[in-house]
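Q: pasting the sequence and the predicted model now:
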Amino acid sequence: MIQDLGKMEKIVSLCKRRGFIYPSSEIYGGFSGFWNYGHYGSILKENIKCFWKQRFIFDRNDMFVTDTSIISNPKVLESSGHVSNFGNEIFKIQVGTGDEAITTHLRPETAQGIFADFKNLVDVHHPKLPFGVGQIGKAFRNEISPRDFIFRSREFEQMEVEYFTKEEDWSKHFENWRETMNSFAKEVGIKTVHELEVSQDERAHYSKRTIDFQFDYPFGRGELWGLAYRTDFDLNNHSLDYFDEESGKRFVPHVVEPSLGVDRTVLAILLSAYTEDELGGETRIYLKLNKNIAPVRAAVFPLLKNKPELVSKAREVYTMLKKEIPSIQFDDNGNIGKRYRRQDEIGTPFCITIDFDTLTNNTVTLRDRDTGEQERISISDLVFKLK
């Protein structure tokens with residue numbers, strides 16, 4: 001593919017300008033490999049995570065959810081093979097002080113917390129195979145050269161599932177999760193995703209089969225997500241097994257792992273959504289975000305902020321809508337044109353303007369982000385229209 005580094009610069013600039021993502025510790029010159037999410041970035045990120053939980057966990061009847069610590073007993077990452085295989089990429093930390101201090105590591109993946117808790121889950125819930133455990137959490141890798149904005153950083157967030165199954169069934173579950181991941185990409189608005197079968201030499205030490213889901217970033221094609229068949233590697237290394245009540249046999253389940261990086265998902269969505277066009281004779285920039293993940297579903301404007309009757313009515317409409325759709329914003333900063341441009345760059349699908357006609361007939365102007373077209377609509381119809 002042809003590289004388009006100018007587009008990445010535009011995304012970085014938009015993210016800073018509109019409060020999506022900032023360099024960490026920026027007032028002190030930043031800190032390489034670490035990023036902070038501002039107001040809109042945090043909401044976008046949270047919407048993506050909630051949507052992932054819905055599709056990967058709550059829409060199914062064979063899933064559990066967990067939230068494990070980023071720091072564990074050092075034996076966890078030693079037993080999993082990460083200490084010997086990742087080496088300098090793992091952050092070392094000291095837990096405790098003085099002679100009591102113990103050297104351990106920040107986790108380089110969220111998976112081991114799930115595996116280490118496998119016995120607890122089975123003892124409490126008595127699940128029948130196949131079943132899975134989903135988790136969203138931070139992971140840390142001491143990258144030598146973090147680069148390309150949030151694509152490669154030292155602190156990142158993962159949305160992972162460890163799906164436990166009998167050995168003979170792993171392949172069909174692998175394909176099922178493959179379909180789920182492709183569907184998820186479409187639903188969150190990520191443009192074309194490419195699949196790469198990872199060779200044995202390139203696979204992680206725990207994997208017998210891996211597919212990389214790749215995306216065309218401005219700097220070239222790179223990994224977005226991964227789908228791995230981890231075999232029984234992890235549970236074996238932790239000396240954990242499963243008793244199957246139906247067969248009366250005890251064995252070690254195999255694992256299929258769909259792993260999605262939150263930050264790379266955010267980046268791929270922003271790149272897919274970034275659009276430049278011409279509207280009203282002027283060039284404009286907007287984020288064509290799906291309404292279900294956009295930080296703001298709709299913004300409510302008073303036509304003029306120095307007219308108390310318009311501001312009061314706008315507040316009334318805003319309050320009414322926010323009870324039904326939490327992601328509603330009130331905006332009276334600047335003239336109407338500036339508000340439109342600001343909301344376009346935030347990715348707000350709809351803008352609602354309260355004008356003098358509203359005071360007499362309870363209708364508003366509803367503007368569509370993508371087309372710029374406006375229609376007159378009754379206030380009573382707004383909730384249905386926005387949902």
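A: Received the coordinates, thanks. Numbers count the residues shown, from 1 in each chain.

Q: just the pLDDT for the residue lying farthest from the centre of the chain.
A: Within the chain, the residue lying farthest from the chain centre (Cα atoms, centre = their mean) is residue 360, at 43.7 Å. In this prediction, residue 360 carries a pLDDT score of 95.

Q: residue nearest the centroid of the protein?
A: Most central in the chain (Cα atoms, centre = their mean) works out to residue 262, at 3.6 Å.

Q: for that residue, which non-adjacent residue is spatially closest?
A: residue 157 (3.9 Å; Cβ to Cβ, 6 or more residues apart in numbering). The way it works is simple: take the backbone N, C-alpha and C, and place the C-beta from them, glycine included.

Q: the one you found touches residue 260, doesn't it?
A: No: judged on Cβ atoms under 8 Å, residue 157 makes no contact with residue 260 at a distance of 9.7 Å.

Q: more neighbours: which of the two?
A: residue 260 (24 against 21; other Cβ atoms under 10 Å).

Q: can you pull out the helices in the stretch 151-300 of the chain?
A: Assigned by DSSP state H, counting those that start in this stretch, the stretch 151-300 of the chain shows helices spanning 170-187, 233-237, 262-273.

Q: quick one: which of those helices is nearest residue 74?
A: Across the helices of the stretch 151-300 of the chain, residue 74 has its closest neighbour in helix 233-237 (14.2 Å, Cβ to Cβ).

Q: low-confidence bits of this structure, can you list those?
A: Under the criterion pLDDT under 70, the flagged ranges of the chain are 1-2.

Q: show me it divided up by domain.
A: 5-272, 296-386 (automatic domain parsing).

Q: work out the gap between the longest one and the centre of the chain.
A: Looking back up the chat, that one is domain 5-272. 11 Å (Cα atoms, centre = their mean, to the nearest Å).

Q: tell me how far the ends of that domain are from each other?
A: 15 Å (Cα to Cα, to the nearest Å).

Q: do the same with the last one
A: Counting by Cα to Cα, the length from the leading to the trailing residue of domain 296-386 is 11 Å.

Q: how far does it sit from the chain's center?
A: So, by Cα atoms, centre = their mean, the centroid of domain 296-386 is 28 Å from its chain's centroid.

Q: for stretch 260-278, same thing?
A: 11 Å.

Q: would you mark the buried spots in it?
A: Counting neighbours by 16 or more other Cβ atoms under 10 Å, one finds that the buried residues in stretch 260-278 are 260-274.

Q: out of those residues, which is nearest to residue 89?
A: Nearest member of those to residue 89, counting by Cβ to Cβ, is residue 261, at 15.6 Å.

Q: quick one: contacts for the closest one?
A: 156-159, 224-225 (Cβ atoms under 8 Å, 6 or more residues apart in numbering).

Q: switch to 10 Å and redo it
A: 139, 150-151, 153, 156-160, 223-226, 267-268 (Cβ atoms under 10 Å, 6 or more residues apart in numbering).

Q: if I look at the residue farthest from the centre of the chain, how far off is residue 354?
A: Residue 360 is 12 Å from residue 354, where distance means Cβ to Cβ, to the nearest Å.
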